[in-house]
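Novice: generate coordinates for the sequence data below:
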Amino acid sequence: MSRKKDIRSLTYSLDLQMPGIYFWCGSFIIQIGGTEVDDEPYYYPFIVPTFIGFGIVLTNDLSWHTPFNQFKRIEENITKGLESRAFE
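Specialist: Residues are numbered from 1 along each chain as shown. Coordinates of the predicted model:
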């Protein structure tokens with residue numbers, strides 16, 4: 001898996017509150033738990049906005065991550081939805 005997809009998977013897992021432990025420092029990522037990013041039917045266009053961070057999500061809906069206001073939106077492939085994939 002590519003580094004960009006790894007950081008998107010980490011962000012996706014934090015966003016969905018998937019139980020796990022997450023650490024990132026630039027492109028170095030440790031993710032125990034969570035899930036891979038699911039781009040069906042639409043591309044997931046967010047990444048964590050901090051260079052270094054830590055997050056934990058427990059099964060009882062208790063979670064904490066490095067403080068930030070919102071996920072950073074990336075602009076590539078956003079318009080690539082279900083209709084455009086049908087012709088690939």
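Novice: from here on, contacts and neighbour counts on C-alpha atoms
Specialist: Noted.
Novice: any idea how far the longest helix seen in the chain is from the middle of the chain?
Specialist: Taking DSSP state H as the criterion, the chain has its longest helix at helix 3-15. Computed by Cα atoms, centre = their mean, to the nearest Å, the chain-centroid distance of helix 3-15 equals 2 Å.
Novice: give me the buried positions along it.
Specialist: 6-14 (16 or more other Cα atoms under 10 Å).
Novice: what's the answer for stretch 16-24, then?
Specialist: 17-24.
Novice: now do it, average pLDDT.
Specialist: The predicted model assigns stretch 16-24 a mean pLDDT of 95.
Novice: how about stretch 66-77: buried residues?
Specialist: Of the residues in stretch 66-77, none are scored as buried under the neighbour-count criterion (16+ other Cα under 10 Å).
Novice: run the chain-centre distance for that stretch.
Specialist: Distance, stretch centre to chain centre, for stretch 66-77: 9 Å (Cα atoms, centre = their mean).
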